[in-house]
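> kindly return the folded structure for what I paste below:
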Amino acid sequence: MLEESRAILSPNSNYTPQDRFRGRIAMISTHGYVAPEPPLGLPDTGGQVVFVLELSKKLGELGYVVDIWTRKFEDQSAEEKVSQNVTIRRVPCGNTEFIPKEYLYHSLQEYISRTREIIERENLVYDFINSHYWDAGIVGQALAESTGVSHIHTPHSIGTWKQKKMSEDFPENTDKFEEVYNFTERIRHEQTIYKNCNTLVATTPIQVDLFKDDYEISSNKIVMIPPGYDDSRFFPVSEASRDSIRQNLSFNGKRVITSVGRLSRNKGFDLLVDAFAVVSERDPNAYLYMALGSESEEATEDPMLSDIVARVKKHGLEEKVTIGTSLPDEAMADFYRASDVFCLPSRYEPFGMTAVEAMACGTPCVVTTNGGLYRTLVYGVEALFADSFDAQDFGLSIAKILKFPGLRNRISDRGSRKARSLFTWSGIAQQLIAAQESHRSLKTTFL
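Coordinates of the predicted model:
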């Protein structure tokens, strides 16, 4: 470690602030397709992968060396550079195929053993470990105990809450939940991870409550750090620039409502179509554009997509609804900017990063009340909230933004300000470091 520090601070090097070596961090996110430019929309590859990558890059800019530990499968390389100080390190376990996150735990002991061997062989010394989701939490806790470093765990979503919401909202399918979501095993592991990690990160106020009530975790162990967004990419533009973007996307002359996400039942896109039917009755220039990534290898055969298409036809909205595939990451900012209203209709959503990105671009948002984001926002000032099981409520909320310019302008301006004040990656990275330093200080006090 000392030699590495000297090399970076060599007088012959071209020193920049990010070259200042502050320590090494192990970032663990075992599931999904983790890559410098992740294929968002593929199975288990969404907001969490973006969170881990962006947080790691910002920590790298602050002078930390970050290793992102994930699973190697298919034809992925063992290592891949993300930035100067950030490297993805892939370790195989199980077989060479993709394994859904709900069942990856069967192979994690093999993953732990192989990762521990690499750490010992390369003499890697970490300041702390930050794991993401319960599968990575199992790995993070095992590595923390064997290396003697502290473990910060970020669950992203919580098993008890998801189980409760799914059971309440889809009681007719409760007999299938265990097979699909593996709730019993998940919650059992979560209880162990939350109890034994050094710091537990809640991303929303709802999660703070759940940690205390459902898992009996002391508030002294919990810190709330919301997800972040890249403020160098997501920001408002002038009306002239926005008009140009809208022209390029063929949005001119239309009132465009948008939403993005994976084709998953809990994302609520079927309800959004029903809500749009309410909007269309009131505004003949309203159009709906949904950019949907499919978890099925044959997207056109996905039953959820078939249901959405059937709903569009039932309402006679074929000429006003476009269902596109996942957008490339570089296109997201302009997609948000060109939208008149962005919707987050999820029935279950731990946070809702796409809505934060849209807010940051100055786009008025209607967000679900079944997620964590709405508790950080002021209704009617920074966003509108709607019940994601009530198409009439959701549709009328969208229609209000389209109808009243004063409301639309206020939400656009104040929502953008809120995003910049709370959710930039710089702030998130600094809060994570502060949480680690607080734990280190507390540990020293009691030695």
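> which stretches of the protein form strands?
In the chain, the segments counted as strands under DSSP state E are 23-28, 64-72, 79-83, 86-92, 128-132, 150-154, 199-202, 222-224, 255-263, 286-294, 321-324, 341-344, 365-368, 384-386.
> pairing partners for the last one, with directions?
Going back to what we said before, that points to strand 384-386. The strands beside strand 384-386 in its sheet (DSSP bridges) come out as strand 365-368 (parallel).
> now do the strand it pairs with, average pLDDT.
Mean pLDDT, strand 365-368: 94.
> give me the contacts around that strand.
Strand 365-368 has contacts (C-beta atoms under 8 Å, 6 or more residues apart in numbering) with 268, 341-347, 349, 352, 355, 358-359, 373-374, 377, 383-388, 394, 397-398, 401, 411, 415. C-betas here are computed from N, CA, C, even on glycine.
> now intersect those with the helices, please.
Assigned to helices by DSSP state H, the following of the contacts of strand 365-368 qualify: 355, 358, 359, 394, 397, 398, 401, 411, 415.
> okay, now the unreliable bits of the stretch 151-300 of the chain?
Residue ranges of the stretch 151-300 of the chain with pLDDT under 70: 294-300.
> quick one: the helices in it?
For the stretch 151-300 of the chain, the helices defined by DSSP state H, counting those that start in this stretch cover 159-169, 174-181, 183-196, 205-215, 239-248, 269-282.
> how far out from the middle of the chain is the second one?
So that's helix 174-181. Remark: helix 174-181 is offset 23 Å from the chain centroid, using C-alpha atoms, centre = their mean, to the nearest Å.
> residues making contact with it?
With C-beta under 8 Å, 6+ apart as the test, helix 174-181 has contacts from 102, 162, 163, 166, 167, 183, 184.
> which parts of that helix are buried?
Within helix 174-181, the residues that count as buried by 16 or more other C-beta atoms under 10 Å are 177, 181.
> and the angle from it to helix 159-169?
Helix 174-181 and helix 159-169 are oriented at 140 degrees to each other (axes from the mean of the first three to the mean of the last three C-alpha atoms, to 10 degrees).
> and helix 174-181 with helix 183-196, angle?
Between helix 174-181 and helix 183-196, the angle comes out at 60 degrees (the same axes, to 10 degrees).
> pick the most buried one from the helices of the stretch 151-300 of the chain.
helix 269-282 (a mean of 22; mean count of other C-beta atoms under 10 Å).
> tally of neighbours for residue 96?
For residue 96, the neighbour count with other C-beta atoms under 10 Å is 10.
> and the residue lying closest to it once chain neighbours are set aside, how many neighbours?
Leaving out its chain neighbours, the residue that sits closest to residue 96 by C-beta to C-beta, 6 or more residues apart in numbering is residue 73, at 5.6 Å. Look at residue 73: counted by other C-beta under 10 Å, it has 16 neighbours.
> show me what contacts the spatially most central residue of the chain?
Central residue of the chain (C-alpha atoms, centre = their mean): residue 47, 2.4 Å from the mean position. When contacts are counted by C-beta under 8 Å, 6+ apart, residue 47 touches 156, 227, 351, 353, 354.
> and the gap between it and residue 37?
Going from residue 47 to residue 37 by C-beta to C-beta, to the nearest Å gives 15 Å.
> same deal with residue 189?
Per C-beta to C-beta, residue 189 is found 31 Å from residue 37.
> and the nearest residue to residue 246 once chain neighbours are set aside, what does it touch?
Leaving aside its sequence neighbours, residue 246 sits nearest to residue 338 (C-beta to C-beta, 6+ apart; 4.7 Å). The contact partners of residue 338, by C-beta under 8 Å, 6+ apart, come to 242, 245, 246, 249, 251, 256.
> show me the one of the helices of the stretch 151-300 of the chain that comes nearest residue 318.
helix 269-282 (11.3 Å; C-beta to C-beta).
> now the angle between strand 286-294 and the closest one, please.
Using the same axes, to 10 degrees: helix 269-282 against strand 286-294 is 170 degrees.
> what's helix 269-282 packed up against?
When contacts are defined as 3 or more C-beta pairs under 8 Å, 6 or more residues apart in numbering; DSSP states H and E, helix 269-282 packs onto strand 255-263, strand 286-294, helix 303-314, helix 391-403.
> redo the contacts of residue 338 as CSV? Include distance to residue 288.
As requested, these are exported to CSV (distance: C-beta to C-beta, whole Å):
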residue, distance to residue 288
242, 19
245, 18
246, 15
249, 14
251, 12
256, 8
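> ok, those residues vs residue 84, which is closest?
Taking the contacts of residue 338 together and measuring to residue 84 by C-beta to C-beta, the closest member is residue 245, at 31.7 Å.
> ok, residue 236 - contacts?
Counting by C-beta under 8 Å, 6+ apart, residue 236 has contacts 337, 360, 361, 362, 412, 416.
> highest neighbour count among those residues?
In terms of neighbours by other C-beta under 10 Å, the contacts of residue 236 top out with residue 361 at 27 neighbours.
> that one and residue 333 touch, don't they?
Yes - the pair residue 361 / residue 333 is scored as a contact, 6.0 Å apart, by C-beta atoms under 8 Å.
> need the residues touching each of the two.
In contact with both residue 361 and residue 333: 234, 235, using C-beta under 8 Å, 6+ apart.
> from residue 198, how far out is residue 92?
Noted for residue 92: a distance of 28 Å to residue 198, by C-beta to C-beta.
> more neighbours, those two?
A direct count of neighbours by other C-beta under 10 Å for residue 92 and residue 198 places residue 198 higher, at 20 against 15.
> look up how far residue 217 lies from that one.
Here the criterion is C-beta to C-beta. By it, residue 198 lies 12 Å from residue 217.
> intersection of neighbour lists for the two?
By C-beta under 8 Å, 6+ apart, no residue touches both residue 198 and residue 217.
> distance-wise, check residue 343 relative to residue 134.
29 Å.
> also residue 214?
Remark: distance between residue 214 and residue 134 (C-beta to C-beta) = 14 Å.
> residue 397 too?
With distances taken as C-beta to C-beta, residue 397 is found 34 Å from residue 134.
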